[in-house]
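Asker: Need a 3D model of the sequence below.
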Amino acid sequence: MAAPARIHMDEGDAPAAEGEVAIDKKVADDQDIGIGDTITVLTPDPTQVKVVGILTIGGEDSLGAVTFVSFTFDQAQALFMPSPDK
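Answerer: Take a look at the predicted model:
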């Protein structure tokens, strides 16, 4: 069984607060996005976030055709698993 791919912060930091994200290096390079930029992430309810980190996955700049966005656990849960009344 292969070891899981490791995530490496290439620039900046991992998200530590709501409204912060880290994105994969390929997207950052292709879209000219840098640390401190505000971007819109297409979640079920699109949300604006601040880029605080640029990352690589297993030594690669991306996961191919997949865009990788890292949130804090709490923000990911709020964005993708909202309460049943929403």
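
Asker: Show me the shaky parts of this structure.
Answerer: For the chain, residues meeting the criterion pLDDT under 70 lie at 1-4, 84-86.

Asker: bridging residues for the residue nearest the centre of the chain?
Answerer: For the chain, the residue sitting closest to the mean C-alpha position, by C-alpha atoms, centre = their mean, is residue 69 at 1.9 Å. Beta-bridge partners for residue 69, by DSSP bridges, are residue 23.

Asker: can you pull out the helices in the protein?
Answerer: Ranges of helices in the chain, per DSSP state H, are 25-31, 73-80.

Asker: residues in contact with residue 47?
Answerer: Residue 47 sits next to 40, 41, 79 when contact means C-beta atoms under 8 Å, 6 or more residues apart in numbering. C-beta: built from backbone N, CA, C; applies to glycine.

Asker: picking up where we left off before, who's in contact with the residue nearest to the centre of the chain?
Answerer: By C-beta under 8 Å, 6+ apart, residue 69 lies in contact with 21, 22, 23, 24, 41.

Asker: Could you identify the buried members of the residues you listed?
Answerer: Among the contacts of residue 69, those scoring as buried are 21, 22, 23, 24 (criterion: 16 or more other C-beta atoms under 10 Å).

Asker: any chance of these in CSV, plus distance to residue 8?
Answerer: Formatted as CSV, the buried ones among the contacts of residue 69 follow (distance: C-beta to C-beta, whole Å):
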residue, distance to residue 8
21, 16
22, 11
23, 13
24, 11
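
Asker: what's the closest of the residues you listed to residue 31?
Answerer: Taking C-beta to C-beta as the measure, residue 31 sits nearest to residue 23 out of the buried ones among the contacts of residue 69, at 8.8 Å.

Asker: Sweet, I'm off.
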